[in-house]
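# Have a look at this prediction, sequence included:
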Amino acid sequence: MSKLYDVIIIGAGPAGLAAGLYAARAKMSALIIEKDRNGGQIVTTDEVANYPGGVEEETGPSLIARMVAQTEEFGAERVKATVVDVNLEGDIKVVKCEEAEYQARAVIIATGASPRKLGCPGEQELTGKGVSYCATCDADFFTDFEVFAIGGGDTAVEEAMFLTKFARKVTLVHRRGELRAAKSIQEKAFKNEKIEIIWNSEVAEVKGDGMVESIVLRNRETGELTEHHAHEDDGTMGVFVFVGYIPQTGLFTDKIELDKAGYILTDVDMKTNVEGVYAAGDVRQKTLRQVVTAVADGAIAAVQAEKYIDNKFH
Ligand code: NAP
């Protein structure tokens, strides 16, 4: 039979690493399972300026490398594996990976959420080089530049307004002739003189050699393609994509209570509706998805898991 851990943490982004750190410091045996590279979304960020106490020239990878080292120092185990199934009922939870099966008394789900991509040519190559999915993280880099914001939901419209605090001009591009965002949010955006809206249009391509230099839009009614170039004095511009997020909760459908969008519902202690199962970070329903809130969630989840194990099994 495989080793019985106190806690298994699924996902090694900031939430999962913080949970591992707190679990190991509390002398629990902890296993962190990650299918990809450590760090989650933040490792795609070239500069992290909003994490309190961060060092100068902090990048996503440098912050994550220190988190990993700190988590290891306290003895949390890590394994690279893809979870294919979970059995979360009962006192012993089972996490099945492609090549092995792990058991624990508690599970912390920290699988994160991914911004939905546009899927157009140039998007992937220019991510972090002008294409961004996070205004809070990257707006500052575009101070006095022009930016495009893509999407028509609450996030796109709110973030477009946030971007006007930095950018010279914000062009909001929406694929329909009417925004999805709440009317109250729309009204504020319509009054904002720095925001221009291009309706019924989708992004056909993002172009640039090393940095975004232009964006090609396709009018969905006429099929006409229009290329918008960065101002020649700027040389570059931002393309912020806000077309929704995809929570990584496919494994937990029908096993844990999710909201309509697929995010895990927790209470303030990160408890899900299943005893001994917690969720932390971007995967749970919350209002601010940032490293600082993810690590806080991870710490809370680990402390609660420790209390649960102490009360139930000792
Ligand atoms: P969302 O509501 O799902 O909106 C996504 C937007 O992106 C929609 O306008 C959609 O267009 C567009 N879109 C989707 N795929 C696209 C594609 N491939 N190309 C171009 N456009 C595409 O996502 P969200 O704005 O991130 O909001 C998520 C949830 O959080 C919502 O429930 C929202 O109400 C909530 N939220 C609330 C607040 C607030 O209350 N202050 C703030 C932020 C988010 P269509 O409209 O044509 O489908």
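Alright, I've got the coordinates.
# Helix or strand: which one has Q186?
Assigned by DSSP states H and E, Q186 belongs to helix 183-191.
# What are the buried residues along the following helix or strand past that helix?
With elements assigned by DSSP H and E, the helix or strand that comes after helix 183-191 is strand 195-198. Residues of strand 195-198 classed as buried: 195, 197 (neighbour count, 16 or more other CB atoms under 10 Å). For glycine as for every other residue, the C-beta is placed from the backbone atoms N, C-alpha and C.
# And stretch 52-65, by the same measure?
Buried residues in stretch 52-65, counted by 16+ other CB under 10 Å: 54, 58-61, 63-64.
# Also stretch 115-135?
115, 118, 120, 122-123, 126-127, 129-135.
# Tell me who's in contact with the residue in the stretch 101-250 of the chain that the ligand sits nearest to.
Nearest residue of the stretch 101-250 of the chain to the ligand, counting by CB to the nearest ligand atom: G153, 2.4 Å away. By CB atoms under 8 Å, 6 or more residues apart in numbering, G153 lies in contact with 179-181, 242-244.
# Please say whether there is contact between the helix holding Q186 and the ligand.
No - counting by CB under 6 Å from any ligand atom, the ligand has no neighbours in helix 183-191; the shortest distance is 6.5 Å.
# tell me, how many neighbours does N50 end up with?
N50: 14 surrounding residues under other CB atoms under 10 Å.
# G54 contacts R66, doesn't it?
No - contact criterion CB atoms under 8 Å: G54 and R66 do not qualify, at 9.8 Å.
# near the ligand, which residues of the stretch 1-150 of the chain show up?
Residues of the stretch 1-150 of the chain lying close to the ligand by CB under 6 Å from any ligand atom are 116, 118, 150.
# Phi first, then psi, for the first one.
Right, R116. Main-chain dihedrals, R116, degrees, to the nearest 10: phi -70, psi 140.
# Test for you: state the pLDDT assigned to it.
Confidence at R116, expressed as pLDDT, is 94.
# Ok, the last one next?
Listed pLDDT for I150 reads 98.
# count of neighbours near it?
Taking other CB under 10 Å as the neighbour definition, I150 ends up with a count of 27.
# And the protein, what are its domain boundaries?
Domains of the chain are assigned by automatic domain parsing as 4-115+245-313, 131-241.
# quick one, which of these is packed in tightest?
Of these, the one with the most neighbours on average (mean count of other CB atoms under 10 Å) is domain 4-115+245-313, at a mean of 20.
# Only C-alpha atoms, please: export the helix or strand of the chain with the lowest mean pLDDT in CSV.
Least confident helix or strand of the chain, by mean pLDDT, DSSP states H and E, is helix 135-138 with a mean of 86. Provided in CSV are the C-alpha atoms of helix 135-138 (Å, rounded to 0.1, in the frame of the first residue of the first chain):
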residue,chain,number,x,y,z
ALA,A,135,-3.9,44.7,-16.1
THR,A,136,-3.0,44.8,-12.4
CYS,A,137,0.3,43.1,-13.3
ASP,A,138,1.2,44.9,-16.5
